[in-house]
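Enquirer: I would like the atomic coordinates for the input below:
(one chain, ligands or ions: 1)
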Amino acid sequence: MFDYEKDGAEIYRQSFATIRAEADLAGLPADVSQVAVRMIHACGMVDLVRDLAYTPEVVSRARAALRAGAPILCDAQMVASGVTRKRLPAANDVVCTLSDPSVPDLAAKLGTTRSAAALELWRDRLDGAVVAIGNAPTALFRLLEMIREGAPRPAAVLGIPVGFIGAAESKDALAASDLDHIVVRGRRGGSAMTAAAVNAIASEVE
Ligand SMILES: C/C1=C2N=C(/C=C3N=C(/C(C)=C4\N[C@@](C)([C@@H]5N=C1[C@](C)(CCC(=O)O)[C@H]5CC(=O)O)[C@@](C)(CC(=O)O)[C@@H]4CCC(=O)O)[C@@](C)(CC(=O)O)[C@@H]\3CCC(=O)O)C(C)(C)[C@@H]/2CCC(=O)O
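Expert: Next up, the predicted model:
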């Protein structure tokens, strides 16, 4: 009925070739470029590169952390679900505490969102972790507050929340911090893009 590509490997090959042809990757370090390609693949926006901000060592430090067995701490189940387990170099734990039964009460007590309150349950795993925030701006703001208050520091923060309220501001705050990070400045972001960034960092096979 329709003439369309049915070979998964070929779809991937053509897709990545199109991104490399259309996106302006020239100014990016090679490892950040690999991550950017996969993020663009997840959202279809080749102009994403202009909004990327990163620290030069973020990919190598996040990779080293994963190889050493660091957990991946995610703000939303959607991010955690998107992480391809077989790419992880040390069968790393992928953690999302948002659905913990204690979180709704904690959020009410702290007067914040469930996404932000859920980070209280990260404290004993934060040291050297890879943090992946793809949905909730309040989670990213709270992470930065916790670290200012003396919480352990993660190895790297992929701060890519999406939206209109607090998203751009929370990512600007991360970019201004001394944490190793990747952000997409502005309103764009999301769980799929964030999971894609984790997958690219975990192992780049294309
Ligand atoms: C204000 C919130 C925003 N959510 C956005 C976009 C999406 N969220 C989806 C889903 C299914 C979930 N969002 C929650 C995290 C929920 N979203 C919020 C909160 C109210 C506050 C977060 C914040 O502002 O920092 C948040 C609830 C909370 O109290 O923390 C979610 C937990 C709600 C729920 O279902 O209980 C849930 C996450 C489930 C999970 O994966 O664990 C969407 C799929 C929207 C939908 O259902 O229609 C979508 C996914 C986007 C993505 O790529 O991740 C915004 C736009 C990010 C928005 C924050 C900013 C804004 O401008 O409003």
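
Enquirer: where does the chain get nearest to the ligand, which residue?
Expert: In the chain, the residue that lies nearest the ligand is Gly163 (2.5 Å; C-beta to the nearest ligand atom). C-beta coordinates here come from the backbone N, C-alpha and C atoms, glycine included.

Enquirer: tell me the contacts of Arg142?
Expert: Neighbour list for Arg142: Thr112, Ala116, Leu119 [criterion: C-beta atoms under 8 Å, 6 or more residues apart in numbering].

Enquirer: which one is the last one nearest to, not counting chain neighbours?
Expert: Distances taken as C-beta to C-beta, 6 or more residues apart in numbering put Arg142 closest to Leu119, at 5.1 Å, once the chain neighbours are dropped.

Enquirer: now the one you found: which helix or strand?
Expert: helix 137-148 (DSSP states H and E).

Enquirer: whichever helix or strand comes after that helix pairs with which strands, parallel or anti?
Expert: Next along the chain after helix 137-148, taking DSSP H and E as the criterion, comes strand 156-159. Strand 156-159 sits in its sheet next to strand 130-133 (parallel), strand 181-184 (parallel), going by DSSP bridges.

Enquirer: how about the strands in the protein?
Expert: 52-54, 72-74, 94-95, 130-133, 156-159, 181-184 (DSSP state E).

Enquirer: so for Val198, which of the ones you listed sits nearest?
Expert: Closest of the strands of the chain to Val198 is strand 130-133, at 5.2 Å (criterion: C-beta to C-beta).

Enquirer: whether that closest one contacts the ligand - can you check?
Expert: No - using C-beta under 6 Å from any ligand atom, we find that strand 130-133 stays clear of the ligand, coming within 9.1 Å at best.

Enquirer: from here on, call the first residue 883.
Expert: Taking 883 as the first residue, the last one we looked at is strand 1012-1015.

Enquirer: how near is Asp957 to Ser942?
Expert: 24 Å (C-beta to C-beta, to the nearest Å).

Enquirer: more crowded one of those two?
Expert: Asp957 (31 against 15; other C-beta atoms under 10 Å).

Enquirer: tell me how many other residues crowd Arg1007.
Expert: 17.

Enquirer: quick one, what contacts it?
Expert: Applying C-beta under 8 Å, 6+ apart, the residues near Arg1007 are Pro953, Leu955, Asp975, Val977.

Enquirer: and Leu1040, by the same measure?
Expert: By C-beta under 8 Å, 6+ apart, Leu1040 lies in contact with Ala944, Val1012, Val1013, Ala1014, Ile1015, Gly1016, His1063, Ile1064, Thr1076, Ala1079, Val1080, Ile1083.
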